[in-house]
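A.B. asks: I would like the atomic coordinates for the input below:
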Amino acid sequence: MIVEFTPEQKEFILKKWLPALRSGKYMKGNGYMRRGFDTYMKWCCLGVVSDLCDVEWFRDGSYQDKDMWIYQDDDGKASLALGKTVREKTGISAIGMFTPMYKGYGSLSGLNDHSGMSFDEIADFIEDIVLERSEYRFERVS
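C.D. replies: Down below sits the predicted model:
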């Protein structure tokens, strides 16, 4: 099923998330939503949108990478992808599934981690989907 964004979701994506990706405030990383320490932090595009939703980040010692951050969502689960609160705020699935495939990838996490795309390029891709300027559409995953 294809996502039909509410006006509030569109506004949040277009006026908060995409400007944050383009701002230079967040350094792009891959393989995790947020990783690093106070003065050196790298982010996935999904980590950026989670941060904008004011999630409470923490380091969980049970993971091998001590500099990897996660957050606990409203449902009490630790999130390594978009948690329920962020999914509801944005309308997209936990890993940002879209259709059809783009450059061999079907999710924002795949584009972020493996495509070599910059945050600016990912923001342009998301914007084109939200504004329906391309053939791509986000998929709602139950």
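
A.B. asks: which residues are contacting stretch 29-38?
C.D. replies: Residues from elsewhere that reach stretch 29-38 (Cβ atoms under 8 Å, 6 or more residues apart in numbering): 41-44, 46-47, 50-51, 57, 65, 67-70, 79-81, 112-114. Heads up, the C-betas are built off the backbone N, CA and C, glycines and all.

A.B. asks: ends of that stretch, how far apart?
C.D. replies: 15 Å (Cα to Cα, to the nearest Å).

A.B. asks: Could you do stretch 9-28 as well?
C.D. replies: End residues of stretch 9-28 are separated by 23 Å (Cα to Cα).

A.B. asks: what is the mean pLDDT for that stretch?
C.D. replies: Average pLDDT, stretch 9-28: 97.

A.B. asks: Would you write a ChimeraX line that selects the buried entries of the contacts of stretch 29-38?
C.D. replies: Buried members of those can be picked out in ChimeraX with the line below, counting by 16 or more other Cβ atoms under 10 Å:
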select :41,42,43,44,46,47,50,51,68,69,70,79,80,81,112,113
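
A.B. asks: Based on its surroundings, how many neighbours for residue 89?
C.D. replies: By other Cβ atoms under 10 Å, 20 other residues sit near residue 89.

A.B. asks: Need the pLDDT of it.
C.D. replies: Note on residue 89: pLDDT of 93.

A.B. asks: Check the one 3 residues further on too.
C.D. replies: Per-residue confidence at residue 92 stands at 93 (pLDDT).

A.B. asks: Nearest residue to residue 57 in space, ignoring adjacent ones along the chain?
C.D. replies: With sequence-adjacent residues excluded and distances taken as Cβ to Cβ, 6 or more residues apart in numbering, residue 57 is closest to residue 69, at 4.5 Å.

A.B. asks: for that neighbour, helix, strand, or coil?
C.D. replies: Here residue 69 is recorded as strand under DSSP: H, G, I helix; E, B strand; the rest coil.

A.B. asks: Which ones among the contacts of stretch 29-38 map onto helices?
C.D. replies: Among those, DSSP state H puts 46-47, 50-51, 112-114 in helices.

A.B. asks: tell me the contacts of residue 4?
C.D. replies: So, once contact is read as Cβ under 8 Å, 6+ apart, residue 4 ends up touching residue 91.
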